[in-house]
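>>> I need the structure of the sequence given here:
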Amino acid sequence: MNTNLFDADGAIFMGSQRTPEHCRVGLFGVPYDGTTSFRPGTRFGPAAIRDVSSGLETYCPQLDRDLDDLSFVDLGAVEIPFGAPEPVIAKVQQATQAVLELGLKPLMLGGEHSISSGAVAAVARQHPDLVLVQLDAHADLRHEWLGSHHSHACAMRRCLEILPTGNLFQLAIRSGTKAEFQELHSSGRLMPTVDALREGLAPHKGRPIYVTVDLDWFDPAVLPGTGTPEPGGFFWPDFANLISLLKEHRLVGADVVELAPQLDSSGVSAVLAAKVTRSLLLLLGDG
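Take a look at the predicted model:
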């Protein structure tokens, strides 16, 4: 692996290794918020998730699995250039490819949502039949936003362009333009509930799934630390229901993005993000 891709200094996610030998999952961070359109700060997200992770138990009673039984590596932060998103996304794709070449399943901590297309591109290259599941308050289907085609408001549009199957399931989106919602409904990609997603994924049983979690999917009452909060969101039991569904499927990659920890002085947003990360690690480590 190209060791120049990652900076391993700083905090480490609880229970992880620093070397990839005998591991099943490779975790890495991308501290980038160059296209945030409302409140910046997601570049601090990966470090915050790591910092608070030691406050969680390693055991997940819902999944009946323990991180102590999973060998996973925290590779550190991707070394990214400052400024425009295009070279950052290219670096993310390169880093994700390096993780895959180690025989690991990638779990990326953001950072803003624009970085997801780089990770999805690398995973889709290895898994051409990849299915993408999006948790988000926003549709992210704009062709461009504020002059950028790689804004975080365009994240799913860019993913659709590099997803060979075009199979994208957008769970309970609650904000977007009229045109975006018209597309969501006409395409059949909008899944209003986890039960609807269960039905939608049923024909894809056994196929590889990538899950992208924009943390503003959660209600601001439980996760205020995000740059674009949207009232009317979801709570931990909703995510737990989703995890129970994903347990029945084949997860091959994931990301957790849009945590802006400085916007939540209580630190609870980072804790919730770390708990989401723990669940995804355990799902990725299965099988």
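>>> Could you list the low-pLDDT ranges of the stretch 51-200 of the chain?
Confidence mapping of the stretch 51-200 of the chain against pLDDT under 70 gives the ranges 145-146, 148-150, 152.
>>> all helices in it, in order from the N-terminus.
Across the stretch 51-200 of the chain, reading from the start of the chain, the helices by DSSP state H, counting those that start in this stretch fall at 85-101, 116-126, 155-162, 178-187, 194-201.
>>> What separation is there between the nearest residue to Gly10 once chain neighbours are set aside and Asp219?
In this structure, Gly10 finds its nearest non-sequential neighbour in Ala47, 6.1 Å apart by C-beta to C-beta, 6 or more residues apart in numbering. Placement of C-beta: from N, CA and C, glycine included. When C-beta to C-beta, to the nearest Å is the yardstick, Ala47 and Asp219 sit 24 Å from each other.
>>> For the helices of the stretch 51-200 of the chain, give me JSON lines that also has distance to Glu258.
Formatted as JSON lines, the entries for the helices of the stretch 51-200 of the chain read as follows, by distance: least, C-beta to C-beta, whole Å:
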{"stretch": "helix 85-101", "distance to Glu258": "14"}
{"stretch": "helix 116-126", "distance to Glu258": "10"}
{"stretch": "helix 155-162", "distance to Glu258": "10"}
{"stretch": "helix 178-187", "distance to Glu258": "18"}
{"stretch": "helix 194-201", "distance to Glu258": "20"}
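>>> For those helices, give me TSV that also has mean neighbour count and distance to Ile209.
What follows is the helices of the stretch 51-200 of the chain, written out as TSV (neighbours: other C-beta atoms under 10 Å; distance: least, C-beta to C-beta, whole Å):
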stretch	mean neighbour count	distance to Ile209
helix 85-101	21	15
helix 116-126	24	10
helix 155-162	21	13
helix 178-187	13	18
helix 194-201	16	8
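>>> mind checking which of the ones you listed is nearest Gly232?
Comparing the helices of the stretch 51-200 of the chain against Gly232 with C-beta to C-beta, the closest turns out to be helix 178-187 (14.4 Å).
>>> now what about that closest one, what contacts it?
Among residues not part of helix 178-187, those counted as contacts by C-beta atoms under 8 Å, 6 or more residues apart in numbering are 139, 141-142, 170, 173, 176, 189-190.
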